[in-house]
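Enquirer: The following comprises the amino acid sequence and a computationally predicted model.
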Amino acid sequence: MDTRKHRFNLQIMDVDRSPVSSTFGYYVGGQNGTTISAAFSVFF
């Protein structure tokens, strides 16, 4: 888009037996598989 008033973020992570959990809660310790997260931000 031609503006900076909003933003869409998409993350796709492949987790392979993670020894610890993510700080922000994206995955947990021991997880296998794919994690998909999306965020939409609106700035005023």
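Expert: Here it is on my side, so go on.

Enquirer: partners of the residue nearest to the spatial centre of the chain in the sheet?
Expert: The centre of the chain sits closest to Ser37, judged by C-alpha atoms, centre = their mean, with a distance of 4.0 Å. Counting by DSSP bridges, Ser37 is bridged to Gln11.

Enquirer: OK, contacts around it?
Expert: Neighbour list for Ser37: Leu10, Gln11, Met13, Tyr26 [criterion: C-beta atoms under 8 Å, 6 or more residues apart in numbering]. Quick note: C-beta positions are derived from backbone N, CA and C, even for glycine.

Enquirer: If we use 10 Å, what do you get?
Expert: Asn9, Leu10, Gln11, Ile12, Met13, Phe24, Gly25, Tyr26, Tyr27 (C-beta atoms under 10 Å, 6 or more residues apart in numbering).

Enquirer: quick one: stretch 16-30 to chain centroid distance?
Expert: Put simply, stretch 16-30 sits 12 Å off its chain's centre (C-alpha atoms, centre = their mean, to the nearest Å).

Enquirer: Quick check: buried residues in that stretch?
Expert: Ser18, Tyr27 (16 or more other C-beta atoms under 10 Å).

Enquirer: For the protein, which segments count as strands?
Expert: Using DSSP state E, the strands found in the chain span residues 6-16, 32-42.

Enquirer: Please convert those to CSV, extending it with mean pLDDT.
Expert: As requested, those are exported to CSV (pLDDT from 0 to 100):
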stretch, mean pLDDT
strand 6-16, 88
strand 32-42, 89
